[in-house]
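Participant: Please work out how this folds:
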Amino acid sequence: MKKVALFLANGFEEIEALGTVDILRRAEIPVQTVSVSNELKVTGAHNITVIADKLFTTMDFSDIDVLVLPGGMPGAKNLNEHKGVKEQIKTFVTKGKYVAAICAAPMVLGGLELLKGKKATCYPGFEPQLIGANITGENVAVDGKIITGKGPGFMFDFALQLVEIIAGKETRKKVAEGLLWEKKISD
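Facilitator: Numbers count the residues shown, from 1 in each chain. Reported below is the predicted structural model:
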């Protein structure tokens with residue numbers, strides 16, 4: 001089973017981060033939350049404080065298959081200013097591993113010029129920072145190994161898309177049904 005690391009920076013969007021972790025864990029996908037600050041305690045954009053599983057400085061990414069960047073401000077800005085996060089993203093893309101970002105966080109990928117010629121979506125107003133992307137405006141855009149989501153209202157779509165990519169359509173359907181998420185899932 002693919003393993004996931006989800007970055008937490010002060011100012012992260014709680015719904016996107018915690019909802020995604022919850023849904024992935026419901027699918028029995030191993031997820032580690034990774035603080036990019038100097039402490040495990042990270043406070044979100046709406047003053048909800050959580051304890052991350054690992055610090056970025058002690059995290060071993062060698063057995064991780066998927067990186068997830070939640071949005072929120074200034075969380076996405078803090079991710080974008082973290083050199084180690086950006087290096088890790090570039091390494092993942094080079095190795096053909098998955099990178100997923102939602103809301104404002106696709107700006108990190110755009111700034112690294114990883115979205116050139118790729119379908120992408122983001123929170124309205126951040127499109128200029130998705131340098132070279134084909135902006136879809138969709139809830140979730142998947143182009144190769146890059147997955148982007150529009151914003152907090154679409155966290156379920158984003159997280160369930162990750163479940164499908166990692167664990168398949170049947171697992172996605174099972175998790176969605178367990179959540180009473182009544183959106184139709186195409187076969």
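
Participant: Show me where this structure has its helices.
Facilitator: In the chain, the helices defined using DSSP state H lie at 14-26, 75-80, 83-94, 106-111, 155-167, 169-178.

Participant: For Glu39, find the nearest of these.
Facilitator: The minimum distance between Glu39 and the helices of the chain falls on helix 75-80, with 13.6 Å, by CB to CB. C-beta coordinates here come from the backbone N, C-alpha and C atoms, glycine included.

Participant: which helices and strands sit right next to the closest one?
Facilitator: Under the contact definition 3 or more CB pairs under 8 Å, 6 or more residues apart in numbering; DSSP states H and E, helix 75-80 sits against helix 106-111.

Participant: Tell me which other helices or strands the helix it packs on touches.
Facilitator: The helices and strands touching helix 106-111, judged by 3+ CB pairs under 8 Å, 6+ apart, are strand 66-69, helix 75-80, helix 83-94, strand 98-102, strand 119-120, strand 146-149.

Participant: contact partners of the shortest one?
Facilitator: Counting by CB atoms under 8 Å, 6 or more residues apart in numbering, the neighbours of strand 119-120 from elsewhere in the structure are 106, 109-110, 130, 133-136, 138, 141-143, 146, 148.

Participant: quick one: which of the residues you listed is nearest Lys86?
Facilitator: So of the contacts of strand 119-120, ranked by how close each gets to Lys86 (CB to CB), first place is Leu109, at 9.5 Å.

Participant: and the closest residue to Cys122 other than its chain neighbours, how many residues sit next to it?
Facilitator: With sequence-adjacent residues excluded and distances taken as CB to CB, 6 or more residues apart in numbering, Cys122 is closest to Pro106, at 4.3 Å. When neighbours are counted by other CB atoms under 10 Å, Pro106 registers 33.
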